[in-house]
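Enquirer: this one's sequence-less:
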């Protein structure tokens, strides 16, 4: 017998002048009883020889790393009995001696499972016969298991429900504390990014709006209109008025000395009667210069066109005053009224008739016409 406890039989050879081993028992480490300790499974085909069953861990990790496996393994999760436990199938296992056997051939695997489940001390079950009948039951720790045994059979080991499904639930509980904070961080970063974009865009719009209002105020000041007067007018103050008189120099400077590029229209076939046909046909956006698309929102430009049509309505009482124009343009929430037909048209339905002769002495005179 050697230091490992193996019994060996040797014979002397006269030819080789050496001892030759004829027989030994046990032949492999897995033949030693309880070589891997309780709840450990021996495997002659594995370099580590011993492995803990699924759902178990080394009782002494330091000894296990030193390949001293006699202490065996213990459960990672205690059994709760009842509905909190399940059974894990292990195939081709050399089984340890059972605590109790029921060789009744009428018992099926489902009966073995029900019997073991109803007994909180039952740790495993297996069939007695090869045809799956009868029951082997274990009520203590499993000692003497061997994996990958050619003559082995199936055994069902009791585990906490948490340890079933190949440990996927346990891995989920381990990974979840890492994944969830990471996902929250990612989503939080995305929300923060888009929120900052919204704030930057809003601030940019406010800056553009402030610049436009400043330009309007400066233009009105050049024309002799004070914004404070307009505000008082809208609030019904003492400075309220309906008409403003400008001198010739102010109007000349504002229109670029009556430049053609600044005119509002010149009759039925002019730009105004055009800004009307397109507007009534729902094609007002065609009036917008393409170069303005990148400078201001389409809604603001359309609002300006709307205001322009209000200013050239046929009846003067329908036209807004300059103070109202400035106030409505600076208030984006104010609702603009629907514009009426422009003041002058030479279309088929023209309401203006030019007399054949306006002079009794056949002399040339000027005819007053609306623009």
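Expert: Sure thing, it's come through. No experiment lies behind these values; they were computed from the predicted model shown. Numbers count the residues shown, from 1 in each chain.
Enquirer: when you work out contacts or count neighbours from here on, use the C-alpha atoms and nothing else.
Expert: OK.
Enquirer: remind me, longest helix of this structure?
Expert: helix 168-222 (DSSP state H).
Enquirer: work out the gap between that helix and the centre of the chain.
Expert: Taking C-alpha atoms, centre = their mean, to the nearest Å, one finds helix 168-222 lying 15 Å from the centre of the chain it belongs to.
Enquirer: that helix - contacts with which helices or strands?
Expert: Using 3 or more C-alpha pairs under 8 Å, 6 or more residues apart in numbering; DSSP states H and E as the contact criterion, the elements in contact with helix 168-222 are helix 227-234.
Enquirer: switch to 10 Å and redo it
Expert: Secondary structure elements in contact with helix 168-222, counted by 3 or more C-alpha pairs under 10 Å, 6 or more residues apart in numbering; DSSP states H and E, are helix 227-234, helix 248-254, helix 322-330.
Enquirer: identify the residues contacting residue 43.
Expert: By C-alpha atoms under 10 Å, 6 or more residues apart in numbering, residue 43 lies in contact with 28-30, 36, 49-51, 93, 145-149.
Enquirer: of those residues, which is the most crowded?
Expert: residue 36 (29 neighbours; other C-alpha atoms under 10 Å).
Enquirer: would you confirm that that one contacts residue 63?
Expert: No: taking contacts as C-alpha atoms under 10 Å, residue 36 lies outside contact range of residue 63: 11.6 Å.
Enquirer: any shared contact partners between the two?
Expert: Shared contacts of residue 36 and residue 63 (C-alpha under 10 Å, 6+ apart): 69-72.
Enquirer: which of the residues you listed sits closest to residue 183?
Expert: Nearest to residue 183 among those, counting by C-alpha to C-alpha, is residue 72 at 39.8 Å.
Enquirer: so for that closest one, what pLDDT did the model give?
Expert: At residue 72, the model reports a pLDDT of 94.
Enquirer: the closest residue to it other than its chain neighbours: neighbour count?
Expert: Nearest residue to residue 72 in three dimensions, chain neighbours excluded: residue 37, at 3.8 Å (C-alpha to C-alpha, 6 or more residues apart in numbering). Residue 37 has 24 neighbours, counted by other C-alpha under 10 Å.
Enquirer: try residue 88
Expert: 20.
Enquirer: list the residues that contact the most centrally placed residue in the chain.
Expert: The centroid of the chain falls nearest to residue 187 when counting by C-alpha atoms, centre = their mean (6.6 Å). Residues near residue 187 by C-alpha under 10 Å, 6+ apart: 181, 193.
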